[in-house]
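Trainee: When you get a sec, could you give me coordinates for this:
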Amino acid sequence: MLGLPPTAAAPAGLVDDPLTPSEAAGGADGADTVLERMLETRLRQSRAVDPVFARDLADRVGALVARGGKRLRTAFALCGWRAAGGSGDATAVLRTGAALELLQACALVHDDVMDGSPTRRGGPALHVELARAHWAAGMHGSAETFGTSSAVLAGDLALAWADDLMTETALETPHGRRLHEEWRAMRSEMVAGQYRDLHAQAARSSGVDEALDIATLKSALYTVARPLALGGALAGAGDRTLDALRAAGRCAGLAFQLRDDLLGAFGDPALTGKPAGDDLRSRKLTYLLAIALRLADTAGDHHAAAALAPDADTRSERAVERMRAAMERTGAREVVEAKIGELTAMSLGHFERTGARPAVRQEFAALVERASGAVPRRAGEVA
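Mentor: Got it, this is the predicted structure:
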């Protein structure tokens, strides 16, 4: 078994009471059950193709998907579906959520390779695990090269499974064309964001606007905006509703990414499942970094500016600590927190334009709070 909740007797999505977005993240009738069934089928098919490939790659992809993740994308997809009037059998939405989780697995595996991250979800990153297996087996050649190359293939496999599942879902719904349009756009945006991230690091960029563009493309759209729109598409939403869902998701997703940036700089690895300071060590262009550098320049804080500068040597732990101190001293951390609050408030305002019922709006607010770590308030509301 894959370590997911046991399969229920009834088909996923067929429930007496509609699943709420929070419930969609797990449970006997939630995304985990759909994922478990899908993975069991794909792993069985992989063993029929080739046992070595199945053991070394397919099983590892399945284990990565099964062992973690907040299932936020599934929950947002169901929230978009309900906002657009979806009710009854939620199977297609949960299958869409499962495809999103597989796409996320692809992104994580490739991201870890590009960033050289050693851990993921509390365990070794896939390229590290594969390199260790190469070394333990006494195989020929570079274990590191083998691990990296194999992890790229593993990410490709997760993407293929995601595409297969989404295609099957689209073919079974009357709204398949609109569903595919959202999915196609999301995949291109995700790759564009990942490339812009790499490009910014290579160019040693520091611009605030560029940081926001990257965060939007790389994370905000495919984490919240597109999942909401995918759910809305499955319910047959019109253009106005889909536009409102995308706008709400863009703001909430950006808040999510800014929170992730803060956790990447200041978070506890025991809670985040990944090393602290990796983004600082590689000088990844984040809104946090860009704002800190702008504030340092404005205030004439030469020590902070030097610690954050594009030509600074950030490889040592001492250099990372200097960057953290600079971000604290300039007030950048507080600015990012305020930006998160502003974005969550804007997100709620956009979501109200969908005409969703109060219960669905409450569920959306709860999801935004969970994703961003901020209590959402309407624009203009005083804390």
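Trainee: how about the strands in the chain?
Mentor: In the chain, the segments counted as strands under DSSP state E are 119-120, 123-124.
Trainee: D243: which of these is closest?
Mentor: strand 119-120 (34.7 Å; Cβ to Cβ). C-beta coordinates here come from the backbone N, C-alpha and C atoms, glycine included.
Trainee: So what are the sheet partners of the closest one and their directions?
Mentor: Under the criterion DSSP bridges, strand 119-120 sits next to strand 123-124 (antiparallel) in its sheet.
Trainee: Is it possible to get a markdown table of the strands of the chain that adds distance to S150, mean pLDDT and mean neighbour count?
Mentor: Converted to a markdown table, those look like this (distance: least, Cβ to Cβ, whole Å; pLDDT from 0 to 100; neighbours: other Cβ atoms under 10 Å):
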| stretch | distance to S150 | mean pLDDT | mean neighbour count |
| --- | --- | --- | --- |
| strand 119-120 | 15 | 83 | 19 |
| strand 123-124 | 13 | 87 | 16 |
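Trainee: for the ones you listed, which one sits closest to R132?
Mentor: Using Cβ to Cβ, the strands of the chain put strand 123-124 closest to R132, at 7.0 Å.
Trainee: Mind listing residues that contact that closest one?
Mentor: Outside strand 123-124, the residues that touch it by Cβ atoms under 8 Å, 6 or more residues apart in numbering are 67, 118, 129, 132.
Trainee: Next, count neighbours for A48.
Mentor: Neighbourhood size, A48 [other Cβ atoms under 10 Å]: 9.
Trainee: just to revisit the earlier point, for the strands of the chain, could you give me a markdown table that also reports distance to E328?
Mentor: Listed next are those as a markdown table, based on distance: least, Cβ to Cβ, whole Å:
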| stretch | distance to E328 |
| --- | --- |
| strand 119-120 | 25 |
| strand 123-124 | 31 |
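Trainee: Can you check which of those strands gets nearest to A83?
Mentor: Here strand 119-120 is closest among those (Cβ to Cβ), at 32.0 Å.
Trainee: Might you report the residue contacts of R361?
Mentor: 348, 351-352.
Trainee: make it 7 Å
Mentor: 351-352 (Cβ atoms under 7 Å, 6 or more residues apart in numbering).
Trainee: State the pLDDT value of it.
Mentor: At R361, the model reports a pLDDT of 95.
Trainee: Please report the distance of it from R250.
Mentor: Note on R361: its distance to R250, by Cβ to Cβ, to the nearest Å, is 17 Å.
Trainee: one step back: of all the strands of the chain, which lies closest to G238?
Mentor: Among the strands of the chain, strand 119-120 sits nearest to G238 (Cβ to Cβ), with 39.2 Å.
Trainee: The strands of the chain: which one's closest to A185?
Mentor: Among the strands of the chain, strand 119-120 sits nearest to A185 (Cβ to Cβ), with 26.6 Å.
Trainee: Geometric centre of this structure: which residue is closest?
Mentor: T223 (4.8 Å; Cα atoms, centre = their mean).
Trainee: these two touch, right, that one and R71?
Mentor: No - taking contacts as Cβ atoms under 7 Å, T223 lies outside contact range of R71: 11.9 Å.
Trainee: before we move on, the earlier item: show me the contacts for the residue nearest to the centre of the chain.
Mentor: Neighbouring residues of T223 by Cβ under 7 Å, 6+ apart: 72-73, 253, 256.
Trainee: Out of those residues, who's the most crowded?
Mentor: Tallying neighbours with other Cβ under 10 Å puts G253 at the head of the contacts of T223, with 31 neighbours.
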